[in-house]
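>>> Pasting the sequence and the predicted model now:
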Amino acid sequence: MASVLTPFQITTTANLLYNQGISINAIFLTNVATYENLPYVSALRTAIATSKTANLAANTLSQLYTLGTNACPALSDSIPSSSTTQPANTLFTTLLVEIANSYISSGTGKDVSIFCQGFSALVGYNGITNSFINSAVNSQTYLGGIYPGADSIFTGGITDVNVCTSLWGSDLQALGGLIDLSNLAELGTPLALIKQLAKVGGITPELSLTFANAGISQDIVVKLSSPKVTVSDAEQKVMYNAMTQITGTVLTQVLTLLGVTTPNINNMADLLNPYKIFPNSFQSLTVTGVNGVTQNIYLDSAGTVNSTVKQYLPKVALNTLS
Amino acid sequence: MTAIDRLSQITPPDIALANKALSVSMLQISGIASMNLPQFANTVANVQTTYGLPLITNSTSAVPANSANAIVNKLGVGTGTNGTITISDAMGTIAGVVSADALQNTISITGTMNLSNLANIYIDMTATANGSYGDITSGPIIIPSGPANGTYDNLNAAFNGQIISGNIGGLGLIPATTSNVIPSITSTYPSQTANLNSNWSNIATQINLEKSTQAEASINFANLTPNSTSSIYSFVFSLPTYGKDTTVGGASQFLESVADKTTIGGQAIVATLRQGQSSINSTGIKPSTNVPSTPATPPAQANLIPSQPPYPPPTTT
């Protein structure tokens, strides 16, 4: 077993095992003794002790412990009335020392193991309790005053996109590797689709030929497999139009390479259409606008796009920064 | 980012808008860019929602204010930040928390007051009880001066008072104290009285807090196990960790207050706390702080039952 004790810990243990090393705070005890030796306090304590010996009636004797309780308990070493601990026939400083002693004593006298148990248990209790207190306080501010909703927090924002998570998940599973989640800013562009195809499966000669026949320049066609390929918007439009004509074997190759099993993908351009790629969940796709309002992206089962979402998209999504 | 103004030139405008809205929406999912689509799809398919829990789903804050307040009001009764509970709140009396200063203040304040009448009537109580003023059983007891002066039939009459009839009777020691001597002092010294009451009230608040905290934690010191050696081991092992809590009222401050620093044991406690606080363990310097806990001479090994068959194994037929 690896060594785990330091010399100081060994010395501490040696002392605690013999009830040494921990005691009631010395300053506290000194102050108690000084107070109890003040002439009026000392006189009171002597009076009480003498009255006990003289067998003063019990109810009369008990009054000597509470002489100043209501006016000024410090003038009679009385327990303040606000104390919830009110043992009979006990002066306040006596009570305080008894309480302190109870933390390091058992029935047999001083016992620091009592202190060790109580201290450890209370430190543990405080730690747990304080985590609840601090969390409760922090819960009122931790999102900076912006609360996106319980589901959003619970799902990390997934339900902000689609509350029907099971159906959307099934649609996503059917898409294989169609979408590059690290390139979502380019979602919907033909180039993003080609790059993802090149990344997960490769560009087939047939596909390259189709693009070439559609009018894409040879320079670009030969670079389609490169992740750094750049294509102008005009050429992307040509690519999109070409994709609308890609069906049959070439489409099957593309779907196979991407792992897409979604039904009713009739041409490659369908892979750029959320209505087509999320056939079972498109109606519950949503976006939260800059106004904080969540809107459906599609209005109906026919796939009509909700044009009002446009006015609440962030500016960076609306217009190209020049 | 390819914005809508460009995307709608590449693909049909409605598809462009749907894609851009979807893109904006999906980009809000934390950590999505680090996942691939199959991973994300499985996550989405299996994620749990708050559907069917309308009070949760429709809540307008992460934690309703009344829920947070309920916790803070119930639990946040300590003296730490946000009302957190410190170990001094839970058992501070042994460390002199509040009481040491309050008693010192009491001594100082009463030093500015003339309390001779108070001391005198307490002395009269002693003189009455020890028979100096007359036989405590058969009487009469004659208190010669002060607010309780008078002639009483017996001890209890002298303390409680006796209706004056002729030359017999008097206010009594206890009534004289509570209705005469102490009120006279508090009216003469209103500021000191207020200060004394404040200090003693603070002590009462401290012991009330200790009692309630221990009750909440279900800790009753009277019911703990006496002479528990294992609890001492546990405490000692945890000391360096306790040392890291250097907050006001926290473990370090508390343990420093109860460590008996006149002994090597008490000083070793403080030293162990400091080991926990020391930053040296996070540096490249390796202090020689650990004592080996295995014997220098390895213990003899026992002959255990063989766990391997003999070789060659017995022939089977």
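Yes, it's here. Numbers count the residues shown, from 1 in each chain, chains lettered A, B, ... in the order given.
>>> What residues does the stretch 201-322 of chain A have near chain B?
Taking Cβ under 8 Å from any Cβ of the partner chain as the test, the list of the stretch 201-322 of chain A residues beside chain B reads A:233, A:236-237, A:240, A:259, A:269, A:272-275, A:285-288, A:297-298, A:304-305, A:307, A:309-310, A:313-314, A:316-321. C-beta coordinates here come from the backbone N, C-alpha and C atoms, glycine included.
>>> Pull out the buried members of these.
Buried residues within those, defined by neighbour count using 16 or more other Cβ atoms under 10 Å in any protein chain shown: A:233, A:236, A:240, A:259, A:269, A:272-275, A:285-288, A:297-298, A:305, A:309-310, A:313, A:317-318.
>>> Domain boundaries for chain A, per the record?
With automatic domain parsing as the criterion, the domains of chain A are listed as A:24-103, A:153-284.
>>> list the helices and strands the helix or strand where A:N130 lies packs on?
Here A:N130 sits within helix A:112-138, counting by DSSP states H and E. Other helices and strands packing on helix A:112-138, by 3 or more Cβ pairs under 8 Å, 6 or more residues apart in numbering or on different chains; DSSP states H and E, are helix A:7-16, strand A:105-106, helix B:65-75, helix B:87-91, helix B:190-216, helix B:229-243.
>>> Minimum distance to B:I136: which of those has it?
Each of the helices and strands packed on helix A:112-138 was checked against B:I136 via Cβ to Cβ, and the shortest separation belongs to helix B:190-216, namely 32.8 Å.
>>> what's the angle between that closest one and helix A:112-138?
Angle of helix B:190-216 versus helix A:112-138, following axes from the mean of the first three to the mean of the last three Cα atoms, to 10 degrees, is 100 degrees.
>>> Quick check: buried residues in stretch A:155-167?
With burial defined by 16+ other Cβ under 10 Å, the residues of stretch A:155-167 counted as buried are A:T155, A:G157, A:I158, A:T159, A:D160, A:V161, A:N162, A:V163, A:C164, A:T165, A:L167.
>>> tell me the mean pLDDT over that stretch?
Summarised as a single mean, pLDDT over stretch A:155-167 is 95.
>>> And stretch B:258-265, by the same measure?
pLDDT averaged over stretch B:258-265 gives 96.
>>> For chain A, tell me whether that stretch is touching it.
Yes - using Cβ under 8 Å from any Cβ, stretch B:258-265 reaches chain A at B:V258, B:A259, B:D260, B:T262, B:T263, B:I264, B:G265.
>>> Pull out the buried members of these.
For the residues of stretch B:258-265 next to chain A, a burial check counting by 16+ other Cβ under 10 Å picks out B:V258, B:A259, B:D260, B:T263, B:I264, B:G265.
>>> Show the contacting residues for the residue in the stretch 51-200 of chain B positioned nearest to chain A.
Nearest residue of the stretch 51-200 of chain B to chain A (Cβ to the nearest Cβ) works out as B:G96 at 3.0 Å. With contacts defined as Cβ atoms under 8 Å, 6 or more residues apart in numbering or on different chains, the neighbours of B:G96 are A:I24, A:N25, A:I27, A:F28, A:N31, B:S257.
>>> ok, so of these, who is nearest A:T247?
Using Cβ to Cβ, the shortest approach to A:T247 within the contacts of B:G96 belongs to B:S257, at 83.8 Å.
>>> measure that closest one to A:I24 for me?
Applying Cβ to Cβ, to the nearest Å, the value for B:S257 to A:I24 is 10 Å.
>>> on that earlier part again, right, so the helices and strands packed on helix A:112-138: which one is the most enclosed?
Among the helices and strands packed on helix A:112-138, helix B:87-91 has the highest mean neighbour count (mean count of other Cβ atoms under 10 Å in any protein chain shown), at a mean of 26.
>>> List the contacts of that helix.
Around helix B:87-91, the neighbours that count as contacts under Cβ under 8 Å, 6+ apart are A:103, A:118-119, A:122-123, A:125-126, B:78-80, B:95, B:97, B:209-210, B:213-214, B:217, B:249-251, B:253-254.
>>> Following the chain onward from that helix, which element is next?
Going down the chain from helix B:87-91, the next helix or strand is helix B:99-110, by DSSP H and E.
>>> residue ranges with poor pLDDT in the chain?
Because you didn't say which chain, this covers chain A. For chain A, the stretches with pLDDT under 70 are A:1-3, A:322.
>>> wrong chain, I was asking about chain B
For chain B (pLDDT under 70), the answer is B:281-282, B:287-288.
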